[in-house]
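>>> The following comprises the amino acid sequence and a computationally predicted model.
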Amino acid sequence: MLEAQRTTMDPPEPTPTTTRAGRVALLGRPNVGKSTLLNALLGEPIAITSAHPQTTRDIVRGVLTQGDTQYVFLDTPGIHTARTKLGSWMNEAAREQAREADAVVLMVEPGPTAEVNPADLALARELDHARTVLVINKIDRVKEKAKLLPLLAAFSEKVPFAATIPMSAKRADGLERLLKELRELLPEQPFLYEPDTLSDQPVRFFVAEFVREQILQHTRQEVPHGVAVVVERFDESGDVPHIEIAIHVAREGHKGILVGAKGAMMKRIGMAARVRVEKMLGRRVHLKLWVRATPDWMNDPAKLRDLGYGPDGTSKGTE
């Protein structure tokens, strides 16, 4: 093996930089702000958000590379009392990510009292505390910050977390401290992805999510939980990509709500989703939507698999 001959004029060899990289699961009950946190950390709104509980169904992966550290964040479905097979799969998918991750962020929100929410405590006790950071989110809603101290003390007495951080994901307040704490929990190893990677999930996954986001924002409370969105055609062979999407609803009566009078609701949903897709792709797209009734798909294992969900653990985000 040939080696370079060093002379006194040669510059010293640079000190090798140790890199850290690992998977960080964002875990918590519905609507505690996991998707908002992911978007704030990445600086890009890749995870859909809404006021509806269980907005996140699939694991959404986002990659953040800062200096010598690469964080692979896993936005998980909110842990809830499952009433369908879909709900059970979502809960297990979230718990599986927490078990396999290098670090976990358990997100909670302050309640009206300083008492620890029993559901948060039960979830906390499932976790490896040495690699779990507790985030008390939405502190922007607490006018008197001193009222957070009893809650912090109550949690620390019950569970020895690696760190506890009050923050506001909505205002991007507390992100730097969170990243600093998480860095210490990640293993020393090469980056898992190229430094400029934002997510390793396929474009069609995000297209389906952006359509579902608009359904959540435009329809009534009873419709979103029974909606599944599937990309059936994604043709980029021409100058303008052609995308065809089937929207499955659990009840025949929901078709009329989604379509609207003379197709007005579907048109609004499609136009809003197309704006999101075109921004992501950086070019115009042709987006076609239609609605199908697939009764009780949320409780049918075969239909769940066909629509891209477990119980075998598969996800349309891994295509």
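Looks like it arrived, so ask away.
>>> so what's L258 closest to, chain neighbours aside?
V291 (5.1 Å; Cβ to Cβ, 6 or more residues apart in numbering). In this view, the C-beta of every residue, glycine as well, is placed from N, C-alpha and C.
>>> domains in the protein, as residue ranges please.
Using automatic domain parsing, the domain parsing of the chain gives 20-183, 203-318.
>>> just how off-centre is the longest one within its chain?
For domain 20-183, the gap between its own C-alpha mean and the chain's C-alpha mean amounts to 10 Å (Cα atoms, centre = their mean, to the nearest Å).
>>> pLDDT value on the residue nearest to L258, please?
On pLDDT, V291 comes in at 96.
>>> How about R220?
Confidence score, pLDDT, at R220: 72.
>>> That one: what's it in contact with?
Counting by Cβ atoms under 8 Å, 6 or more residues apart in numbering, R220 touches I257.
>>> Could you check how far the residue positioned nearest the centre of the chain is from I136?
The centre of the chain sits closest to D75, judged by Cα atoms, centre = their mean, with a distance of 2.7 Å. Going from D75 to I136 by Cβ to Cβ, to the nearest Å gives 18 Å.
>>> Buried ones in the helix ranked longest in the chain, by neighbour count?
Taking DSSP state H as the criterion, the chain has its longest helix at helix 264-281. Across helix 264-281, burial judged by 16 or more other Cβ atoms under 10 Å covers 265-266, 269-270, 272-274, 276-277, 280.
>>> Against which helices or strands is it packed?
helix 203-218, helix 253-259, strand 286-293 (3 or more Cβ pairs under 8 Å, 6 or more residues apart in numbering; DSSP states H and E).
>>> Assumed R61 was part of a strand.
Yes - remark: R61 belongs to a strand, assigned using DSSP: H, G, I helix; E, B strand; the rest coil.
>>> what does stretch 182-190 contact?
Outside stretch 182-190, the residues touching it (Cβ under 8 Å, 6+ apart) are 18-22, 24, 69, 71, 102-103, 105, 131, 133, 162.
>>> So which of those residues is the closest to T219?
V105 (30.5 Å; Cβ to Cβ).
>>> From what I see, M266 and G260 are in contact.
Yes - counting by Cβ atoms under 8 Å, G260 is a contact partner of M266 at 6.1 Å.
>>> all strands of the stretch 1-150 of the chain, in order?
20-28, 60-66, 69-75, 103-108, 132-136 (DSSP state E, counting those that start in this stretch).
>>> Could I get those strands in TSV, plus columns for distance to P195?
As requested, these are exported to TSV (distance: least, Cβ to Cβ, whole Å):
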stretch	distance to P195
strand 20-28	11
strand 60-66	4
strand 69-75	7
strand 103-108	20
strand 132-136	24
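>>> And these: which comes nearest V230?
strand 60-66 (17.0 Å).
>>> Packing partners of the strand or helix carrying V230?
Taking DSSP states H and E as the definition, V230 sits inside strand 227-235. In terms of contacts (3+ Cβ pairs under 8 Å, 6+ apart), strand 227-235 is packed against helix 203-218, strand 242-249.
>>> Give me the sheet partners of it and which way each runs.
strand 242-249 (antiparallel) (DSSP bridges).
>>> Just the pLDDT at R276, thanks.
R276 is given a pLDDT of 94.
>>> mind starting the numbering at 37 from now?
New numbering, starting at 37: the last item is R312.
>>> Leaving out the residues flanking it, which one is nearest to it?
F246 (4.1 Å).
>>> Could you give me the buried positions within stretch 324-332?
325, 327, 330.
>>> Does Y107 touch L74 like I think?
No - between Y107 and L74 no contact is recorded; they are 10.4 Å apart, counting by Cβ under 8 Å.
>>> Neighbour count: these two, which is higher?
L74 (27 against 24; other Cβ atoms under 10 Å).
>>> show me what contacts the more buried one?
Contacts of L74 by Cβ under 8 Å, 6+ apart are 62, 82-83, 96, 98, 109, 111.
>>> Give the residue spans of the stretch 237-355 of the chain that score low on pLDDT.
Applying pLDDT under 70 to the stretch 237-355 of the chain flags residues 257-258, 260, 347-355.
>>> would you turn the buried residues of helix 300-317 into CSV with distance to D232?
Converted to CSV, those look like this (distance: Cβ to Cβ, whole Å):
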residue, distance to D232
M301, 38
M302, 36
I305, 32
G306, 31
A308, 28
A309, 26
R310, 26
R312, 21
V313, 21
M316, 15
